[in-house]
Structures are given as structure tokens and as C-alpha cells.
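Asker: what's the 3D shape of this:
(3 chains, ligands or ions: 2)
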Amino acid sequence: MAEQAYMVEGATGAWEVVIGLEVHAQVTSQAKLFSGAATAFGAEPNTQVSLVDAAMPGMLPVPNAECIRQAVRTGMAIGATINKWSRFDRKNYFYADLPQGYQISQLYHPLVGEGAIDIALDEKDPDGSQKSIGVERIHVEQDAGKLMHDQHPTRSYVDLNRSGVALMEIVSRPDMRSPAEAGAYLRKLRSILRYVGSCDGNMEEGSMRADVNVSVRKPGDELGTRTETKNVNSVRFVMAAIEYEARRQVEVLESGGRIVQETRLFNVESGTTRSMRSKEDAHDYRYFPDPDLLPLELEDAFLDDCLASLPELPDAKRRRYQALGISAYQADVLTAEVESARWFDTLLDAGAEPVRAANWVTSELFGALNRLGRSIVDSPVGPAQAAELLALVADGTLSGSLAKQVFEVMLETGDAPSKIVEERGLKQTSDTGAIEAVIVEVIAKNPNQLGQYRGGKETLFGFFVGQTMKAMGGKANPAVVNELLKKALAG
Amino acid sequence: MTDLTDLGIAAIRDGFRAGDFTARDVAAAFNANIAAADALNAFLVKTPDHALAAADAADAARAAGDAPKPLAGVPIGMKDLFCTTGVATTAASHILEGFVPPYESTVSQNLWDAGAGMLGKLNMDQFAMGSSNETSAFGNVISPWRRNDGGNAALAPGGSSGGSSSAVAARLCPGATGTDTGGSIRQPAAFTGISGIKPTYGRCSRWGTIAFASSLDQAGPMARDVRDCAIMLGAMAGFDRKDATSLHLDVPAWEAGLSANLTGKRIGIPREYRVDGMPAEIEALWQQGIDWLRDAGAEIVEVSLPHTKYALPAYYIIAPAEASSNLARYDGVRYGLRDLPEGAGLQDMYAATRADGFGDEVKRRIMIGTYVLSAGFYDAYYTQAQKVRTLIARDFERAWEQCDLLLTPTAPSAAFGLGEKSDDPIAMYLNDVFTVPSSLAGLPAMSVPGGLDHQGLPLGLQIIGRPLDEQGVLNASLAIEERAGFVARPDRWW
Amino acid sequence: MRDASRNGMSVDTATVKKIASLARLAITDEDASRLAPELGNILHWIEQLEQVNTQGVEPMTAVIPNSLRLRDDVVNADPLTGGGIRDLLMKNAPQAEHGFFTVPKVIE
Ligand SMILES: [Mg+2]
Ligand SMILES: [Zn+2]
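Answerer: Numbering: from 1, shown residues only, chains lettered A, B, ... in the order given. Ligands and ions are numbered 1, 2, ... in the order given. The predicted structure follows:
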């Protein structure tokens, strides 16, 4: 289904919105980009700060190999060029969260060049029309520290725990045209990062933040002046910031004003953006190559290792699932989060039939986890137990409804399904003698219904099945019940 | 009994090992000289106890029969650019006044590990920016030398390692650390009649040394003679994982490799170093040096370094650019001076702190560096300077096809009087005309005393070598030293 | 590219003030007037570099052939470059409280 192009309706007509995202993703590593201090989240202030991170006099940076490796793997995952020769540059500006007075980043020669990320334009239809969003570059840089403004009436507090943590800055091309596309791009990027393992994608903890570049134009016009809304930390907020900013720009332009290229801040409560005072001379960062660091030159063996270590990525996995007969929608649901996909792969490895397994996981398991408020990583039922449950259904030991009962017990106790079936006698019976005996009783108890059935009201067949199953405690094999009932009712 | 402060590093080391005296006696003698030399203003901090503690450890180790450490019994002076645990370190700047590092620079740690003790922290040009030691926030260092004209004009000890040169020349310490960004070891050594070597860039770790210009800064020793420099450099140098530009190489046995026989060596004389207005005495000394080296067995060849005249302007783009960024960390937030005018916000605090904390020359260079990196100017200045730097390095590479070492004067003049050049920054910068090119190319280079000028002031000769050829540099310097027979020393007036 | 404003080789006080502001150096009007010709002279002097033909010449990146060494991803392997040293780190702080460095309140 073709999507209607997103436009902002103004007094002078429709405006097109042009969006580019600069995503800062925290690189998964134990230590910081240029020092040996830890990166763990939530530590006491200034306890994960080395002399290097605090920019004490005479301190020098030495890059962390793992951060370089993860950025290279990320680049490979989006099919990007990896630059075997790159450099670190200094971006100079003064701020209390920036101890060196410069951020070590990469402007002139980034580690990763051009790549792309494919997004589905319709969430419900992952096989439907796709759009390729260009990624201009990925570079590696230091994070800044954190300022707290609400602790003291006249002072701001400085915590340098984040200072020097490695970030990948993933810069998209201005290829997105709606908040929905930006949302899809972010979700897809997050998914890829988590598959690769180069970023945990935890937006609440600030592991992923987006600088949102927005401009508007009349369709067919040149690009308009853009604003950059900094550090937006959820997909929802990014979409809201774009909506607000696009509308604001249209209003400014239509009332005869012009857009200033500036840095803005998003207000989570009001859903609005405002100009940022503290970045006044943002236009003159005096970038130059960091003389403390030599050029970074990567060897083929290192690149080969990075490539070999890449896991199957979401798109490839989705296609593989579909080839197994799983529906496009279910394949998409199963592959969106790396943990679900991993869980499902283990289930398949344990011998589960793919289509039934996909049905069961997307309905039964996800439903139960939802109810319990748990994620797949702490699911009370593991893939091995689930495989066993599905096998018991497949071989006729359990009916669908019995399987549901067993699953409920599994969720509660964590026991293996075979054990539950054994202990609680939940095994389905195909014993014709026992079933026949019950059928005789059921027919005897319901003479009216029998009469109506035999008089032509065949819809009452279901009633007799229900009564029989109920009397059997749900354990009768439904196929056998059907067959025997048909005979008995026929008289 | 000999005055122990007349001994150099090798003599102290050997005498201590032979049991001629105790390390404590040596440290005490230098401590006493320092205590009596406040007029030179060479020390910013005196650390007699540090020197005595190291001496006592050396004496105890000797008594216990332990194998002696390379510098056991030798006390030295430490330029205040090196961070020293628990001892105030300011880079001679008001902005770091009161700063006491909780860490030790790699170079100073290497020296302590080798058994040396610290006599104190030596005055210097503020943030190593200067050629006369007049930019220190804590007063000028005075050279122990005086002109033989009967006047008592205070002379510059050179810079930026002027506290080091003054202290070694005045026998306040047998050796001292220096740092050299554009000549700051060699020029002060030349001005004060001592020896000093800047090793190949990357030989000495820069970790814990307060940065001026990262791509140029190198530590090195300043001492009374070539052998002492070889010994001390051996202790200072070495690979350091904490410095990404540190060379992953073993430290050669430079002292053991000393030889003044230059047979088979070709010494290049760069034509472009004959600059206009160079005093005849320096020309003459240069010629004398050529003769000495020929006498030592070397072959003399004339070479050309065509981009020499562009070295200084390139340097005065690159060094200030790097400095403007390196010195951004002095912002009054985590250490050092904070100047917070009434009602000031964060950015006002920065501006006030930095305006108050940095001296004029430092501010001048920060301004130049900021200017050349600012929007629209980067390529015209910085990129062009780095390209010229490539050409300068290429000049040297071409020269190495014709020769093994280069001989030049160290500085275009003898020591000048304090205040004589401080009004004209460019005239001051020209002092480094012979030392800057080899700094830009990262090459090892050394100054040794060659003689005195007509005013009785020392003049130095410079040997420049291929990358990593400190041994060649030391050996040629030794050949000059042996032939120059430089024994002059300043009369004690302080 | 060469900027047209450099043609005069002179630096005006407005430029001096702009540069001082970028460098966070408080400056008085008198300072700016004093510095303008001084910086102009120095800049004029370093502009002789324009005479050098550098076509096809790469800017220097490493002064001595050397390759960038990387560190292993290990926390606090060397105490000199590791964390967990808050007390040492903050000992020289002009102002600090509750484990934070403090600065005049910032409005973002
Ligand atoms: Mg950005
Ligand atoms: Zn960034």
C-alpha cells in the first residue's frame, strides 16, 4: 500500500520536510575511548574518571582497540566503506562538561564512509515498499561529561563519568521526509547496532541520542536552512521534535521570517524546541588533527576478523525465516529485536517446526511475556522447554488447549512440559473405549438436543463435542471424539 | 677534598660506586649550593628532602651490597614542566599556581627508578614559551654568566629551559631535565656553556609533561658534558604505553657507544644556515667546528636545506595552533587558578581566569594559534605550514643521502641581556632559527660548547642527526668537546 | 583557501576581540588596540609561507615514521590511566562538593 507523502499544510500550501539524523551511539566497551576508566552506567559521580578524562596537565590519549573494532563492524553491517586510513581531529570549544577544551573526534578522515540502511515504509508490511536511507559516515569520538543544574541555587555540578566514553556518530543523509521515516530509521539502526553488539541501544540511559536536523521547503525547491535539535533520546521524542520543528519553521517562513541555522533543545514535557544559548560560537570549532595521536591505519587481518565476527543481520534473518514458510509479518516481529531472534533461532535449532514455532512464539509466548511484563531475555520458559512443548503437540500427546494449560504451568513453575504432563495427568487420550463410554453418558443426559440434532439441527454437533471434552477434562483427542460422536449421534 | 658540586654525573656516579663519598654528602653539597643561589632564581621549588631521601636509599643499597642503579647517588634538577607527585608543578604560570599533581611524569619516574634524586623544580619560560626565560610568572632566571666588560648586566640563560641551564652552569645540580619544542634545550645550553640533547621525537615519553606543542615537544638532558648527557638520556628515554607517539624501541647503550673517532662519517654543512647578520665570531666558531670534526676523521660535505628559511614561520603557525588547543584545559574548573568576578557566568569565568592566569607571551601565542585555526584560515595557515613541514623534513632526508650528520651553530648570537629583546617578539623568535628546523623534522640534535665570544660568553655548536641516531649525534659532539677543551665557567657572583 | 580579509595583512581590534573571545581571554579595549598591530606583524611575518609552492605535497602527519598503537579494552589496567581515584582527582579543584566539580550555574 503506497503511503501518502507527509506534508505540513501551511497557509501558502504544502511544505515538504527534510530530515537528517546524527545519531550518537555509545560503543559497547569496558573502558573509555582513550583511557582505562570504566564505562558502566550509574556509578557515583566522578568515580569512573581517570587523570586522562579529567584533562589533568600532561595527560595523553591512547585509543581503545575494541572501540575501533566495534565501529568498523558497525560500518560493515550497513555495507559502508571502511577507511583503512583515518585520523582523529580536535573540535575546540569551551564548556564545563568538556575538560580538555576540545573533543577528540574525526572530521576530515572518518573511520567509516558511505553506507545505507533500508527501512520499510509501512510497518505492517515489511515486504512492501522499502526506502534506502544513506549514511554519510560513521566517526568515533569522545562523549562529554554531565552537568546538573538543579542541585544548587547558584552552581552547576560537573560529573565526568561519561567524559571520554566512546561514541559512534552515525550521520545520515538528509533522506527522510516524515517523522515516521525518521522513526523507522532509528528503530532499524538500533536493531542493527544491537545485532552487531556495538551499542546496547539503551536510549533511557543515553546510549543512543539523536541530533535532529530539520528543514522545510516547497516541493521541488532547494534545501531550506536547517536547525539542529540536540540530544533527543527516544524514537517518540525524535518524531515529536520533527513535527514541532517543521511546523514552527513553516510558521516562521509564512509570516515572512527566516530560519537561522542554530542549535536547539527539545523540551520533553511540552514537546517543543527552543534555541540553545550555550552554543554561541558553535560555528568555529577550529578543527585540526590531534597531534597527540598518529593516523589510524588498519590492517587487512584486522578487517577480516571484524567481518568474520559479524552475526546474521536482521534483514538476512527475516528473509531466511520467510524462506522457511514464516509469514512476512511474523518474520519481522521475530527479527526486530536481537534477543527474540536469538531465542527463536535456539528454538529452531532444538528441532521445532518453523511455522508452528513462529505462530506459537508470536502469539502464546509474546502474549504471556506481555502479561507478565517480562522481556524475552528473562522469559520463565526457555527455548529448549518450548521446543519440547511444541513436540508434545506435534506428536499428539497434547491438544492445543492442553498445551495452553501446560504452558501456564510452565510459566509458573519453570518445570519441563513432560514433567507437568506426567504429574498432572494432562496427557491427551485417544482411548476409544473411554471416549465411547463418556459419549453414551452425554447422549443419555441430553435427550432434547439429541432429538433436535437428529431432526436436522446439525449445528448442535459442536454442543456434543463440547460436553464430551468437558466430561473428559479436556484430555480427549478431538479427532477421535469427532469421529466417535458422529457415529453415536447418527444412531 | 674536592668540592662535590664540581663533579658531573659520571664522576658522581663512579665516585659513589667506588665509595669515595656518600650519596648523602653529594645531595647535601648541592642542596647547600642551591640554598645560596637565590639570586639566580633558577628554582621555583626546592626539594632538598627528596634529594636526601634518594641519596639515603642509594647509600643503604650500597651498604647492603645491592647492584647499583644507573644514577644511584646522582641528584638532578627537574624542569617545572614535568609533573611530580606531591610537589607543586606550575609550568612557571600563575594559572597553575598551587597545583600539586597526584601523579609523576614518565620521564621523572624513569629518573627516580634509575636512582636519581630531585633537588627541586626549575624555573622556565611560562609553558615553555620563550627563548630567554623572561616569560616566567615567577621572575626571570638570571644566567650565572656575565660579560667581561665589567658591567653587571643580567644576562638571559636562554629559554625555555633557562632554570635548567642556569642551574647546571652555576653548579647547582650536575644535570637537569629540559624540554625542547623549537630549541629550548639547545639554545639555553649554548647560552650557558653546557651540553644538551633533544632526542628523536618519541624517544622520551610525553606523559605527565605539561604540553606546549604536542608534535614537537621532546624531553632531554642538560648537563656539563656529552657523557653526562648520554647517561642521563639513557635513564629518561624509553617506550611508554601511555603515550601513543612513544617509539616502541629499546634504549641503546649510548654511554657505552661513545666514541670520538669519526672516521668514515660525513658531516654536512648546510649552506642555508649562513644567515645575514650572523656575528663573525659565530662564523669563525662554525669553521673551527668543521676543522675539529675533520680532525676527528670525518669528511666534510656542503649540503643544501632549501626550505630552511620557512622553518620559523611554519613553526610559529604549528606550535601556537597546537598550544592554543593544549592550553584550553586551563579553565579554572578542575585545578589551578579560578577567577570568578562578581556575578560572572561560566564563560566569563573562563575568560577572566585565563586572562589573569596566562602571561603575555602565552596569550600572544594562544591568540595566534586561535587565529590560524579559525574558520576560513585553517588551510591557508595550518595546512600550508604542515606541507612546508613535509618539505623541511624532505630536505633533511635528501641531505642524509650525502652525509650522516649536520654541523651548525646552535644560536645566531651569544646570550643577550635581559630585556634587550623582549619588546620585539619576532626578534626573539629568530633566536631559534637554527634549532627549529630539526624540531619540525623530529630529529635528534645536540648543542655543545665550542668557545667564548669577545665578551667572554659561551657559544655553542649544534650537531643534527638522522632519526634515532642519537649515538652519532653524541659521538660527533664528543669529538668537538674533546677538541674545544671548553673549561670556562662563570665566576661566582651570586 | 585564502581569505580576502587577509589581503591587508593588518588585524583590526574587532578581529582581536573576536579571537580573544574564541580563546576565552578577557581583553580590554586598550589590550586589543595594543595587540592588533603586534599580531598583525607576526601574521605578516608568517605569511611568507605563501611563497612556498606546496602543490602535490602532503601535510605532515607523523614526524617520525610510527604507527598508532591501540590499548586493550581493560578497565584500570594501569592505575595512572584508570578511574576510581576521585579523591586524588579532585584534590586540586578550586571548588567542589558532594563529589562534583562545581561551576557557576549554566543556563543551556
Ligand atoms: Mg551533531
Ligand atoms: Zn558528535
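Asker: the biggest helix by length in chain C and chain A in contact?
Answerer: Ranked by residue count under DSSP state H, the longest helix found in chain C is helix C:29-46. No: using CB under 8 Å from any CB of the partner chain, we find that helix C:29-46 stays clear of chain A, coming within 15.8 Å at best. The C-beta positions use only the backbone N, C-alpha and C, and glycine is treated the same way.
Asker: for the nearest residue to C:Arg71 once chain neighbours are set aside, what are its contacts?
Answerer: Nearest residue to C:Arg71 in three dimensions, chain neighbours excluded: A:Val62, at 4.7 Å (CB to CB, 6 or more residues apart in numbering or on different chains). By CB atoms under 8 Å, 6 or more residues apart in numbering or on different chains, A:Val62 lies in contact with A:34-35, B:241-244, C:69-71, C:81.
Asker: can you list the residues that contact stretch B:296-309?
Answerer: So stretch B:296-309 is contacted by B:260-273, B:290, B:293-294, B:388, B:391-392, B:395-396, B:399, B:402-403, B:405-406, B:437, B:476, B:479, B:482-483, C:48, C:52 (CB under 8 Å, 6+ apart).
Asker: okay, now the unreliable bits of the stretch 201-350 of chain B?
Answerer: For the stretch 201-350 of chain B, no stretch is flagged by pLDDT under 70.
Asker: please enumerate the helices of it.
Answerer: B:226-236, B:280-295, B:311-326, B:346-357 (DSSP state H, counting those that start in this stretch).
Asker: who's in contact with the second one?
Answerer: This means helix B:280-295. Against helix B:280-295 from outside (CB under 8 Å, 6+ apart): B:262, B:267, B:269, B:274, B:300, B:407-409, B:412-414, B:450-451, B:453-454, B:459, B:461, B:476, B:479-480, B:483-484.
Asker: for the helices of the stretch 201-350 of chain B, which one sits closest to B:Tyr381?
Answerer: helix B:311-326 (5.1 Å; CB to CB).
Asker: relative to helix C:29-46, how tilted is the closest one?
Answerer: If you take axes from the mean of the first three to the mean of the last three CA atoms, to 10 degrees, helix B:311-326 sits at 140 degrees to helix C:29-46.
Asker: is any part of helix B:311-326 close to chain C?
Answerer: Yes: counting by CB under 8 Å from any CB, chain C is contacted by helix B:311-326 at B:313-314, B:316-317, B:324.
Asker: same deal with stretch A:34-49?
Answerer: Yes: applying CB under 8 Å from any CB, one finds that stretch A:34-49 is in contact with chain C at A:35-38, A:44-49.
Asker: list the buried residues in that stretch.
Answerer: A:34-39, A:43, A:45-49 (16 or more other CB atoms under 10 Å in any protein chain shown).
Asker: hang on, the earlier thing: can I get the helices of the stretch 201-350 of chain B in TSV including mean neighbour count?
Answerer: What follows is the helices of the stretch 201-350 of chain B, written out as TSV (neighbours: other CB atoms under 10 Å in any protein chain shown):
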stretch	mean neighbour count
helix B:226-236	26
helix B:280-295	17
helix B:311-326	27
helix B:346-357	22
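Asker: chain B versus the one residue sitting closest to the centre of chain C, what's the distance?
Answerer: Residue closest to the mean C-alpha point of chain C, counted by CA atoms, centre = their mean, is C:Ala23 at 7.2 Å. To chain B, C:Ala23 is 4 Å away according to CB to the nearest CB, to the nearest Å.
Asker: do the same with A:Leu298
Answerer: For A:Leu298 relative to chain B (CB to the nearest CB), the value is 16 Å.
Asker: contacts only, for that residue.
Answerer: A:68, A:72, A:82, A:84-86.
Asker: in chain C, where is pLDDT below threshold?
Answerer: For chain C, the ranges with pLDDT under 70 are C:1-9.
Asker: going along the chain, name the strands of it.
Answerer: C:96-97, C:100-104 (DSSP state E).
Asker: including secondary structure and pLDDT, could the buried residues of stretch A:34-49 go into TSV?
Answerer: Shown next, in TSV, are these (DSSP: H, G, I helix; E, B strand; the rest coil; pLDDT from 0 to 100):
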residue	secondary structure	pLDDT
A:Phe34	coil	98
A:Ser35	coil	98
A:Gly36	coil	98
A:Ala37	coil	98
A:Ala38	strand	98
A:Thr39	coil	97
A:Ala43	coil	96
A:Pro45	coil	98
A:Asn46	coil	98
A:Thr47	coil	98
A:Gln48	coil	98
A:Val49	coil	98
